[in-house]
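Chemist: Sequence and predicted model, in that order:
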Amino acid sequence: MDAKQSDFAQLPGPSAITDRVTQQPAEIVINRDRDGEPVVIHVPLDGSERENTMRGMVSKTRGHLAGDTLIINYDNARAHSEERWTKSPDGRILTVKRHLSSPRGDTDQTIVMVRQ
């Protein structure tokens with residue numbers, strides 16, 4: 001993650017995020033390390049839901065591709081978020097636009113990832 005280009009709005013952002021993403025025919029698998037907390041997130045691309053445990057909470061996760069954009073929805077007991085992942089033309093920059101809705105209100109975040 002490029003912390004200088006990322007914007008977590010009023011929420012405190014992590015100091016580091018590293019994602020290793022693999023695409024299989026029916027799902028995308030994200031191996032994420034967020035501030036030293038590893039998690040594996042399975043995102044089905046066929047319209048079904050998958051339960052993933054992230055930061056101690058179970059979220060129902062589903063995704064789909066809309067052209068060149070990956071759209072991922074997460075729902076748990078406290079919040080809903082939608083992420084829109086887009087790559088730069090050269091494939092080096094991944095921009096994640098996240099809209100988060102919770103009892104505290106709505107917020108928009110931008111996470112910029114640089115390929116290593």
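Modeler: Thanks, I have it. Numbering: from 1, shown residues only.
Chemist: Tell me, how many residues neighbour residue 23?
Modeler: Using other CB atoms under 10 Å, residue 23 is surrounded by 12 other residues. Backbone N, C-alpha and C define where each C-beta goes, glycine included.
Chemist: how close does it get to residue 35?
Modeler: 25 Å (CB to CB, to the nearest Å).
Chemist: Same check on residue 100?
Modeler: Distance, residue 100 to residue 35, using CB to CB: 18 Å.
Chemist: okay, these two: which has more neighbours?
Modeler: When residue 100 and residue 35 are compared on other CB under 10 Å, the one with more neighbours turns out to be residue 100, at 19 against 9.
Chemist: Specify the local secondary structure of that one.
Modeler: Three-state call for residue 100 (DSSP: H, G, I helix; E, B strand; the rest coil): strand.
Chemist: Pretty sure it sits against residue 76.
Modeler: No - Residue 100 is not in contact with residue 76 according to CB atoms under 8 Å; the separation is 11.3 Å.
Chemist: in the chain, which ranges drop under the pLDDT threshold?
Modeler: When the per-residue scores of the chain are filtered using pLDDT under 70, no range remains.
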